[in-house]
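In: what's the 3D shape of this:
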Amino acid sequence: MRSSISIALVTFFLAGSAGAAEAASTAVLTHHYNNFRTGWNQTETTLTPQNVASPQFGMVAATLLDAQVDAQPLVLPNQTITGGPNPGTYEVVYVATAANTVYAMNAANGQVLTSRNLGPAVPWPLGCANNSATVGITSTPVVDPINGTLDLIAHTLVGGVPTYTLHALSLADLTDKIRPVTVAASHQLSDGTPINFNAQYERQRSALLNANGKIYAAFGSFCDYSSITRGWLLGWNANDLRPLAANRLNDTLTTAPYGLFLSGIWMSGGGPAADNFGNIYFATGNSDPSGTTYNSVTNISNTLAKVSPDLTQLLSKFTPSNVATLDQSDGDLGSGGVLLVPDQSGPVPRLAVAGGKDGNLGLFNRDFLGSPVGDPNYVLDVKQIGSCWCAPSYFTGPDGIGRVVSSGSFGVGDNPYDAAAIAVWKLQTSPAPQFVLEGAATLIASGLDGGTFTVVSSNGTRAGTGIIWTVAHPSPSVANNAVMLYAFTATANSGKFASLFGAVAGYWPYTGGNPNIVPVVANGKVLVASWRTLYIFGLHPVAAAPDSLKVIPQTQTAELSEPREAPHEVTGTLLGINGSALSIKTRSGKTVMIDAAKAAQEPRSAIFVIGKAFSVQGTYDANGKLLAAIVVRAKPSAGSWPPDR
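Out: Next comes the predicted model:
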């Protein structure tokens, strides 16, 4: 039901030669295609299951970039470029990198039309290793079609101080069309004490949102290290970048048993969603590991929230009954993005879908998400999909029935983290809303944390045109930490979705953090941005990319070395905690004793959870104890751990 989805996915009609029929051309202006975050492009007329499964489909271009790409590419057809050596009108792809470089590229062949660097990126913030060596632009920008701008937030060093700057760049030449502003905010804690936004400790990973004539940005944390991080949601007027009078702070407590507050918004890079009334939806992560600090007013950890467009009111929320356990185990509900389902028939017409690390995919009434903690009546349905660093997508089938596409680690085989499954759920709307499993497909290889971002392309709701796309997390079974692009038919056959395509779509050397890649399908092409490369897939592929365009494997560049601040590193499962004294069991079975006092004091230490995997960097003392400078969470699969040294 496109009429109920934000205009962020726009169809243009471009005139052809005289007497030729008009051809639809689609613009992708925001993360996961629209403000409902459906991930559905229903105007794809070129790519069909038949030709995607044929030798006719493959990689047509690959362009080297200057750094890792965490942000989703955005697409504008018929865009005039005035900067750079080749001015003209193109279908333009905008890509932003972790080095704070913005590229405007020709979608037909990957040619860089113009680019701009916005300043030095922040190196390895707080020693957190779940991102690349530098953190510049990591959230997906948003196109403002009214102002003709690409709005984004860059993380730069200004006089040696980490700073966030909101830019509104001209789509034509990437100059600042509106004067950029430094991100700043203040709020009051529950006792009236003021607290100021601090760019050194806040991570702006979640995609930007353009709604209500405003730009919204959400903030989480770097490795859950700091007591300063509390989960901000900020907004600015889109026409002049003037900050809104109000902002949201998810945790306003003044004390916590372990001194951590958090309740950040990150959603694996997914953006806050907006409904047709302008209300904003997001999910939060964990708070203090004591599991005692959740409060429906002063700390909404592990919560699905709905707030007013001006950010002054918490309109509705859902918090699971096991919020204490989720806080204790770093079990973020907010590791997954929020999907707003286009309006349905039936007793509950407006639905929302969300799920997180514990693998529960919930179906909610977005008119009233809930209020009392633990009341199951506010959850319309729940299915277990496996742990989810991901976001669901939505499409309507030829039968007129809406469907939700989920992904998660179902635990296939001996290693539950080296397999991922995609499931499609029909939305039964009457007599009561619920998920009905239609079928599933398993990715050939996917590692690190569970789940991926799925998207769907189709020619409206016509039978036989739907394709489900995803990019897997790198797996130990695939050389050089390659990421794989997969395509499946969106029509089930005996509960299975047939595989159409699979190919390498880049590399991801910094495996401390997941590549939460959203493949962009538009106008007969599939765009995948990963580490230092934009891949373009389409019909009539070249036999091989020119040498200058090939992705550099991880073994061929020194840039892939992880930044180090200590000479030794070990990774293993946490066996015991006694104050700041830890013991972990490495992959070889060796037990290593660790003193984490310095790391905790800095703060450069993750929350300790027995049974979870951690990487520790430091130096050994005379007694063989590792004095930790940094402690970070590691991936569950030992195959994804860095080598001990």
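
In: And the strands in the stretch 51-200 of the chain, which stretches?
Out: Along the stretch 51-200 of the chain, the stretches classed as strands by DSSP state E, counting those that start in this stretch are 57-68, 74-81, 88-96, 101-106, 112-117, 122-123, 134-135, 142-144, 149-158, 161-170, 176-182, 186-188, 194-196.

In: Out of the ones you listed, flag the one nearest F36.
Out: When these are ranked by proximity to F36, the top entry is strand 142-144, at 14.2 Å, counting by CB to CB. From N, CA and C alone the C-beta is placed, and that goes for glycine too.

In: name the helices or strands packed onto that closest one?
Out: Strand 142-144 sits against strand 74-81, strand 149-158, strand 209-211, with contacts defined as 3 or more CB pairs under 8 Å, 6 or more residues apart in numbering; DSSP states H and E.

In: C-terminal to the lengthiest helix in the chain, which secondary structure element comes first?
Out: Of all the elements of type helix in the chain, the one with the most residues (DSSP state H) is helix 323-329. Where DSSP states H and E defines the elements, the next helix or strand beyond helix 323-329 is strand 339-341.

In: Name the helix or strand of the chain that has the lowest mean pLDDT.
Out: Least confident helix or strand, the chain: strand 9-14 with a mean of 53, by mean pLDDT, DSSP states H and E.

In: Who are the contact partners of the residue nearest to S458 when sequence neighbours are not counted?
Out: Taking CB to CB, 6 or more residues apart in numbering as the measure, S458 lies nearest to G466, with 4.1 Å between them; neighbours along the chain are not counted. If you count contacts by CB atoms under 8 Å, 6 or more residues apart in numbering, G466 has them with P49, F395, G397, V456, S457, S458, T489, A490, T491.

In: how much space is there between V455 and N198?
Out: Distance from V455 to N198, counting by CB to CB, to the nearest Å: 35 Å.

In: higher neighbour count, those two?
Out: Set side by side, V455 and N198 give different neighbour counts by other CB atoms under 10 Å, the larger being at V455 (26 against 15).

In: and that one, what does it touch?
Out: Contacts of V455 were listed using CB under 8 Å, 6+ apart, and they are 32-33, 39-41, 393, 468-470, 518-521.

In: got any ranges where the protein has weak pLDDT?
Out: 1-24, 371-377, 410-420, 445, 542-565 (pLDDT under 70).

In: What sits closest to the most centrally placed residue in the chain if chain neighbours are left out?
Out: Among the residues of the chain, G269 comes closest to the average C-alpha position under CA atoms, centre = their mean, at 2.1 Å. Once its chain neighbours are removed from consideration, G269 has its nearest residue in N516; the separation is 4.2 Å (CB to CB, 6+ apart).

In: Run a quick neighbour tally on T470.
Out: By other CB under 10 Å, the residues close to T470 number 27.

In: Mind listing the residues bridging to the nearest residue to V183 once chain neighbours are set aside?
Out: Residue nearest to V183 in three dimensions, not counting chain neighbours: Y164, with 3.8 Å by CB to CB, 6+ apart. Using DSSP bridges, the beta-bridge partners of Y164 come out as H155.

In: ok now do Y164, which residues does it touch?
Out: I153, A154, H155, T182, V183, A199, E202, Q204.

In: Can you give me the domain assignment for the protein?
Out: 2-559, 568-640 (automatic domain parsing).

In: Return the most buried member of those.
Out: Burial among the domains of the chain, expressed as mean neighbours by mean count of other CB atoms under 10 Å, is greatest for domain 2-559, which shows a mean of 21.

In: need the helices for the stretch 451-600 of the chain, in chain order.
Out: Assigned helices in the stretch 451-600 of the chain, in chain order: 597-601 (criterion: DSSP state H, counting those that start in this stretch).

In: where along it do the strands fall?
Out: With DSSP E, counting those that start in this stretch as the criterion, the stretch 451-600 of the chain has strands spanning 454-457, 467-471, 482-489, 499-507, 520-522, 525-529, 531-539, 568-578, 581-586, 591-595.

In: Can you lay out these as CSV showing distance to T293?
Out: What follows is the strands of the stretch 451-600 of the chain, written out as CSV (distance: least, CB to CB, whole Å):
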stretch, distance to T293
strand 454-457, 34
strand 467-471, 36
strand 482-489, 37
strand 499-507, 40
strand 520-522, 39
strand 525-529, 38
strand 531-539, 37
strand 568-578, 19
strand 581-586, 23
strand 591-595, 26
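
In: Select, out of those strands, the one closest to S263.
Out: Closest of the strands of the stretch 451-600 of the chain to S263 is strand 568-578, at 23.1 Å (criterion: CB to CB).

In: Tell me what angle the closest one forms with strand 591-595.
Out: Calculated by axes from the mean of the first three to the mean of the last three CA atoms, to 10 degrees, strand 568-578 forms an angle of 80 degrees with strand 591-595.

In: Need the contact partners of strand 568-578.
Out: Counting by CB under 8 Å, 6+ apart, the neighbours of strand 568-578 from elsewhere in the structure are 582-587, 590-592, 608-620, 626, 634, 641-642, 644-645.
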